[in-house]
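In: following is a predicted model, sequence given first.
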Amino acid sequence: MGPLRGPIIQSYVPLGMEPLLKIFYVDAENIGLSAFDAISFSVLDRVFVFTNSEQLKSACQNALITCLSGYPNGQNQADFYIIAHLSNVLSHLSKLEKKAIEFHLYSKDQALWKAFEFQCNLSGVKSYAPNIALEVEVEVANVIAPVSSPLLEQKILKLMSKPITSVEIEAKLKVTKAEFTRTFNLLIKSERIKRQEKSKKNWVLNKNT
């Protein structure tokens, strides 16, 4: 596994500060290298790409990217390696480092994300899976329904005084999933709400309407 010990990460954390360091896990077996179009990483961040494909490995020429391969071929073998590598990294982090680091998984594999998120939660670190979050919200946006509730619309809009995900909004409302999906979809179609430019998983009010 690629070395990523606590002291190495801690050297990036100035005394009394908690800068955000991002560690990206790219499941290239599942998503290819398309994730790099969406990833914006700095010289402090780390990117781990998991693949046995010679073609994909040759594309990882960036000095900030570590390509991990050599695991057995077969179903879910890359997933097992990703979780094992993640667990190893998490086991070497100090409490300070855990507060200053985010872990991002780029994959469309729901089962892998559940295992990835579980490991991060156990260690008390933040984790994200942008591809999976986007897929869930696209499903909400694509549901077609002709009728909406004005009262529910107002409740949703009131909750959107700041960027928020559709999942978070739904959790705050005491309505059925069908009611929420129908109303949320119509707000999108009427362009009263839109995705946040900086974070596509969040929704914001469209001030241009």
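Out: Nice, thanks for sending it over.
In: could I get stretch 116-126 in CSV with only the CA atoms?
Out: Backbone C-alpha positions of stretch 116-126 (Å, rounded to 0.1, in the frame of the first residue of the first chain) are rendered in CSV as follows:
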residue,chain,number,x,y,z
PHE,A,116,-16.0,3.4,2.8
GLU,A,117,-18.4,5.7,4.8
PHE,A,118,-18.6,3.2,7.6
GLN,A,119,-14.8,3.1,8.1
CYS,A,120,-14.6,6.9,8.1
ASN,A,121,-17.5,7.2,10.6
LEU,A,122,-15.7,4.8,12.9
SER,A,123,-12.7,7.0,12.9
GLY,A,124,-14.6,10.3,13.1
VAL,A,125,-13.5,11.7,9.8
LYS,A,126,-15.6,13.4,7.1
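In: any idea of the mean pLDDT for that stretch?
Out: The pLDDT scores in stretch 116-126 average 93.
In: the helix or strand harbouring residue 83 packs against which elements?
Out: Element membership for residue 83 (DSSP states H and E) is helix 77-91. With contacts taken as 3 or more C-beta pairs under 8 Å, 6 or more residues apart in numbering; DSSP states H and E, helix 77-91 sits against strand 21-27, helix 28-31, strand 46-50, helix 110-123. (Glycine included, C-beta is placed from N, CA and C.)
In: in TSV: the ones you listed, plus distance to residue 170 and mean neighbour count.
Out: Shown next, in TSV, are the helices and strands packed on helix 77-91 (distance: least, C-beta to C-beta, whole Å; neighbours: other C-beta atoms under 10 Å):
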stretch	distance to residue 170	mean neighbour count
strand 21-27	27	22
helix 28-31	26	20
strand 46-50	32	22
helix 110-123	18	16
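In: please tabulate those in CSV and include distance to residue 194 as additional columns.
Out: Formatted as CSV, the helices and strands packed on helix 77-91 follow (distance: least, C-beta to C-beta, whole Å):
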stretch, distance to residue 194
strand 21-27, 25
helix 28-31, 25
strand 46-50, 29
helix 110-123, 25
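In: of all these, which lies closest to residue 83?
Out: helix 110-123 (5.2 Å; C-beta to C-beta).
In: any idea which helix or strand comes after that closest one?
Out: Counting by DSSP H and E, what follows helix 110-123 is strand 126-128.
In: using neighbour counts, pick out the buried residues of that following strand.
Out: 127, 128 (16 or more other C-beta atoms under 10 Å).
In: so which residues make contact with it?
Out: Residues from elsewhere that reach strand 126-128 (C-beta atoms under 8 Å, 6 or more residues apart in numbering): 101, 102, 103, 104, 105, 116, 117, 120, 121.
In: could you rerun that using 10 Å?
Out: With contacts defined as C-beta atoms under 10 Å, 6 or more residues apart in numbering, strand 126-128 is touched by 20, 22-25, 86, 98-99, 101-106, 113, 116-121, 199, 201.
In: that older thread, any idea how far the helix holding residue 83 is from the chain center?
Out: 17 Å (C-alpha atoms, centre = their mean, to the nearest Å).
In: all further residue positions should be reported with the first residue as 56.
Out: Let's use 56 as the start, then, which means that last one is helix 132-146.
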